[in-house]
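Q: Make a model of this:
(one chain, ligands or ions: 1)
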Amino acid sequence: MEGVTDWVMRDLLTSIGGIDHCVTEFLRVTERLHPYSVFEKNCPELKTGSRTRAGTPVFVQLLGGQAGPLAENAARAAEMGALGIDLNFGCPAKTVNRHDGGATLLKHTDRIYNIVKTVRAAVPKDTPVTAKIRLGFDNPESCLENAKAIEEAGATWLTVHCRTKTDGYKPPAFWEWIPRIQEKTSIRLITNGEIWTVDDFNKCAAIAKTHDYMIGRGAIRNPFIFSEIKAAADNPVKPEKPPVGLILHFFDASSVYVNDHFAVARTKGWIKQLSFTHADLKPIFDEIKVLKKPSEFKARLEYHFS
Ligand SMILES: Cc1cc2nc3c(=O)[nH]c(=O)nc-3n(C[C@H](O)[C@H](O)[C@H](O)COP(=O)(O)O)c2cc1C
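A: Model (predicted):
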């Protein structure tokens, strides 16, 4: 997730466990071929075999509307060792859509086909090219033909965020579209949207019946959700304690990764999300959210979380 799951967060979440696979924040592609440094920034894991330190594979996600430049950039990512390229056709952001990328492409099945096909042809055969869509721009039916096109263009798997662009992030997610897509295609599908708890996961799995699931925001609010889901088959566990020990680690790692001010902003963001799962963090969030000076901020983190 752009602005959220950077290297530090991917490293932290995958070190907790339960995650089989990660995707980078999207990298916007317009006309030019990004320099190597841009890929290194988007995906520092390229230097460690395109895996997090816990060994979880990371795919580089590209977002754009032009097949040629996307293919060129995908080829560069593959040359740098990316274990796979994921193409984002789901981003609803106005700036992205205005510049002909993300969910706006869901209205143009032929363009999606052409992009996936061109990118597929540009990277080595053993490098998977995968895609992510929403159900449609405003019409959910369009997922059927978009998924078919993505399969025919040679994608290895397809993640479906089960809402249209017009739905935004408003619950519910319409998981019931997944079996309908699967009826029409044999591409491996990954179900995404509104999985916040083990209970949500069970409800989603009963409807979608896919082998794989993607969790976005739920992972930030409860970093243990993946392990809980894996462990929960027989014996559901509730997150009783917030991951306080990890918060200081996250602050320090983000300081090293970018700088102290970045670390303050990211850590505030994470504590805010955690407080939705752990209400006892809410007063702490209210106290620290106004702190701007990194030294002051860190001192309060130490006070609360050491
Ligand atoms: C702040 C934010 C940034 C996001 N950035 C990306 C992104 O870079 N690439 C992507 O494929 N999806 C991105 N998404 C969408 C999520 O990956 C996911 O599809 C969506 O939030 C629905 O899943 P969830 O209900 O599990 O969060 C983003 C979502 C949010 C809220």
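
Q: I'd say residue 139 and residue 177 touch.
A: No - here residue 139 lies out of contact with residue 177, judged by C-beta atoms under 8 Å, at a distance of 11.7 Å. From N, CA and C alone the C-beta is placed, and that goes for glycine too.

Q: who's in contact with the residue in the stretch 151-300 of the chain positioned nearest to the ligand?
A: At 2.8 Å from the ligand, residue 216 is the closest residue in the stretch 151-300 of the chain, using C-beta to the nearest ligand atom. Taking C-beta atoms under 8 Å, 6 or more residues apart in numbering, we find residue 216 in contact with 1, 192.

Q: now do residue 173
A: 161-163, 192-194, 204.

Q: Am I right that residue 68 sits in a strand?
A: No - counting by DSSP: H, G, I helix; E, B strand; the rest coil, residue 68 is not part of a strand but helix.

Q: hang on, it packs against residue 121?
A: No - between residue 68 and residue 121 there is no contact under C-beta under 8 Å: 11.3 Å.

Q: Looking at residue 139 and residue 177, which is more packed in?
A: residue 177 (23 against 12; other C-beta atoms under 10 Å).

Q: From what I see, the more buried one and residue 141 are in contact.
A: No - counting by C-beta under 8 Å, residue 177 stays clear of residue 141, with 9.0 Å between them.

Q: what's the burial count for the closest residue to residue 280 other than its chain neighbours?
A: Spatially, and ignoring its direct neighbours in sequence, residue 280 is nearest to residue 242 (7.2 Å; C-beta to C-beta, 6 or more residues apart in numbering). Number of residues near residue 242 (other C-beta under 10 Å) recorded here: 21.

Q: got it, and residue 260?
A: 17.

Q: Next, the contact list for the nearest residue to it once chain neighbours are set aside, please.
A: Leaving aside its chain neighbours, residue 260 sits nearest to residue 294 (3.5 Å; criterion: C-beta to C-beta, 6+ apart). Residues in contact with residue 294 (C-beta under 8 Å, 6+ apart) are 255, 260-261, 263-264.

Q: Show me where the stretch 151-300 of the chain has its strands.
A: Ranges of strands within the stretch 151-300 of the chain are 157-164, 188-192, 212-214, based on DSSP state E, counting those that start in this stretch.

Q: Of the ones you listed, which stretch is the most buried?
A: strand 157-164 (a mean of 24; mean count of other C-beta atoms under 10 Å).

Q: Okay, and residue 20 sits in which element?
A: Using DSSP states H and E, residue 20 maps to neither a helix nor a strand.

Q: can you count the residues close to the residue nearest to it when sequence neighbours are not counted?
A: Setting aside the residues directly before and after it, residue 20 is nearest to residue 56 in space (C-beta to C-beta, 6+ apart), at 7.0 Å. Neighbour count for residue 56, taken as other C-beta under 10 Å: 20.

Q: Next, the contact list for residue 56, please.
A: 10, 14, 19-22.

Q: and which of the contacts of residue 294 is nearest residue 198?
A: Nearest to residue 198, judged by C-beta to C-beta, of those is residue 263 at 30.7 Å.

Q: Could you look up the SS state of the nearest residue to residue 52 once chain neighbours are set aside?
A: Nearest residue to residue 52, sequence neighbours excluded (C-beta to C-beta, 6+ apart): residue 14, at 4.2 Å. Here residue 14 is helix, with the state taken from three-state DSSP.
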